[in-house]
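1. Just to be clear, the model below is a prediction. Sequence and coordinates:
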Amino acid sequence: MSRGRIYNNFYTPELWEQVNKENKRILDDFLAEYRQRKMSKGTISGYKNDLRIILIYILKELDNKCILELKKKDFRGLSLYFTEECNMSAARTNRLKSAVNSMLTFCEEDDDYDYEVNYAKKVRGIPKERVKDNDDNFFFTFDEFIRVRDILVFNNRLQDAVLWSLGFDSAARKNELFQVTKYGLLDGNKTNIVVGKRGKKFPLVYLDDTKELIRQYLEVRGDDDIDSLWIKGSGDHKAPLSDSNALYERICSISKILSEVRGDECHIFTHTMRHSRLECLSQGTDTRLLDENGNPRKYPLEQIQVFAHHSDVGTTQGYLRDHSEDTINSMFGIT
């Protein structure tokens, strides 16, 4: 089935008129964000067509709910509908799902949306040549974090190394990271106070090796009258970044390095660091944080909730991988 046939079988002006107005607003906001990032017209048009299909599906099959209210089972049903009812190929269905993931990741990161957990990404893609866990693009391991950071430092990308390390250590959102100033960062292990979602105020925390990276970066950067930790240009042409999207673009550019480290293509976003950090603390894989026996420390869910500044522990749980199958296998010695 061609892409045109799929689109034309779903979209009509009459149906589009009935689509949830909030869903339309989210789509318009998402596309405006991508235009601001200078995405190509073809890319933006592709997202628009794919997401219109999704929103009309929600109109027809899910009572026209706001897309931010949908849960994992709804997105699983979406994939099954397009493959089983519409006979779409796995590649085409996964393209639609990828478009939803991108829009909901945007909502996760943007302060204008009270949206914490992107449930679409918790549903695996339809297998094509091999079964690839959809989590591959939303989590990286502690070992991968260290290896990517080492490569950034080796390539003298110190500001990107600081962004990568501070973003991971603090599990901060894009807009929270953007608010960090350069002052006092070497005096302790906390940044200035930033404002997070729903007006919450707190400093971001980081470990000593990240502080050492910050020291190296500021030393190379030299004296200037720019308050922000994040700049563009050098010498007399230094200037602060104009908005948080520049940080987003820098993290996206690091995807190439992570892909090389992993040996498999992946596409990460600013929020990937937040998911990966909380998972790392939950599983006790950060070798910089040791318990009384000298082993990497595992943190309970309630502590991770406080660290993530979540009001509901269920939100925190939604950030983590589902390890229930591993637990059952361990109970019965199944390998």
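-> Great, that's in hand.
2. so what's the residue nearest in space to the middle of the chain up against?
-> Nearest residue to the geometric centre of the chain (C-alpha atoms, centre = their mean): residue 271, 2.6 Å. Residue 271 sits next to 105, 108-109, 118, 138, 173-174 when contact means C-beta atoms under 8 Å, 6 or more residues apart in numbering. Quick note: C-beta positions are derived from backbone N, CA and C, even for glycine.
3. can we see that at 7 Å?
-> 105, 108-109 (C-beta atoms under 7 Å, 6 or more residues apart in numbering).
4. which residues in the protein form strands?
-> 190-195, 201-205, 231-232, 239-240 (DSSP state E).
5. Turn those strands into CSV, columns for mean neighbour count.
-> As requested, the strands of the chain are exported to CSV (neighbours: other C-beta atoms under 10 Å):
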stretch, mean neighbour count
strand 190-195, 16
strand 201-205, 16
strand 231-232, 14
strand 239-240, 14
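6. per-residue confidence at the residue nearest to residue 251 when sequence neighbours are not counted?
-> Leaving aside its chain neighbours, residue 251 sits nearest to residue 270 (4.9 Å; criterion: C-beta to C-beta, 6 or more residues apart in numbering). You'll see residue 270 listed with a pLDDT of 85.
7. Pretty sure residue 106 is one of the things residue 270 touches, is it not?
-> No: taking contacts as C-beta atoms under 7 Å, residue 270 lies outside contact range of residue 106: 10.4 Å.
8. So these two - more neighbours on which side?
-> Neighbours were counted for residue 270 and for residue 106 using other C-beta atoms under 10 Å; residue 270 has more, 26 against 21.
9. ok, now which ones touch that one?
-> So residue 270 contacts 109, 167, 174, 247-248, 251 (C-beta under 7 Å, 6+ apart).
10. swap the cut-off to 10 Å and go again
-> Counting by C-beta atoms under 10 Å, 6 or more residues apart in numbering, residue 270 touches 105, 108-109, 163, 167, 172-178, 244-245, 247-252.
11. rewinding a little: would you tell me which one of the contacts of residue 271 comes nearest to residue 217?
-> The closest of the contacts of residue 271 to residue 217 turns out to be residue 109 (C-beta to C-beta; 23.7 Å).
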